[in-house]
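Undergrad: just coords:
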């Protein structure tokens, strides 16, 4: 997968793993296609994230409210080799597909009148993706202290 940001966690890795396990709701489906609407998880106070545990790490997705449900999804990978020590961010499959479609649309329309429309759509989508990354990062800062790599 295409990870666009990596951060190093500070503190005890076993303690970090215990913290994240307290706030995730476990799912067994592929997280790229998992719904993250808050009303589907209403009534469960402990869950801030939904997660899928794999051999190499835990993939988590922020549970989003009404105003954020239309933003692209940002999936966070927590490596669990010798405890959690790294956080990696990546777009979901659908989000990545949208970036590719926008880029192809811009390349096809380089010499036409629709280039500006494609650039506007790409810019709006990029800003929306950054907003979702920002709020996911902000929510993770409630549980971890980390530095950028």
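TA: Perfect, thanks for sending it. All of these numbers come straight from a predicted model, not from anything done at the bench.

Undergrad: how about the residue positioned nearest the centre of the chain, phi and psi?
TA: Nearest to the geometric centre of the chain sits residue 74, at 1.8 Å (Cα atoms, centre = their mean). Torsion angles at residue 74 (phi, psi; degrees, to the nearest 10) stand at phi -120, psi 120.

Undergrad: Just confirm it contacts residue 87, I think it does.
TA: No: Residue 74 is beyond contact range of residue 87, at 11.3 Å (criterion: Cβ atoms under 8 Å). To be clear about C-beta, it is placed using only N, CA and C from the backbone, and glycine gets the same treatment.

Undergrad: list the buried ones in the longest helix seen in the chain?
TA: Longest helix of the chain, by residue count under DSSP state H: helix 115-140. For helix 115-140, burial by neighbour count (16 or more other Cβ atoms under 10 Å) applies to 118, 122, 125, 128, 129, 132, 133, 135, 136, 137, 139, 140.

Undergrad: got those as JSON lines, with distance to residue 64 and pLDDT columns?
TA: Output for the buried residues of helix 115-140, formatted as JSON lines (distance: Cβ to Cβ, whole Å; pLDDT from 0 to 100):
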{"residue": "118", "distance to residue 64": "27", "pLDDT": "85"}
{"residue": "122", "distance to residue 64": "22", "pLDDT": "89"}
{"residue": "125", "distance to residue 64": "17", "pLDDT": "90"}
{"residue": "128", "distance to residue 64": "12", "pLDDT": "91"}
{"residue": "129", "distance to residue 64": "13", "pLDDT": "90"}
{"residue": "132", "distance to residue 64": "8", "pLDDT": "90"}
{"residue": "133", "distance to residue 64": "13", "pLDDT": "90"}
{"residue": "135", "distance to residue 64": "8", "pLDDT": "89"}
{"residue": "136", "distance to residue 64": "9", "pLDDT": "88"}
{"residue": "137", "distance to residue 64": "14", "pLDDT": "88"}
{"residue": "139", "distance to residue 64": "10", "pLDDT": "86"}
{"residue": "140", "distance to residue 64": "14", "pLDDT": "86"}
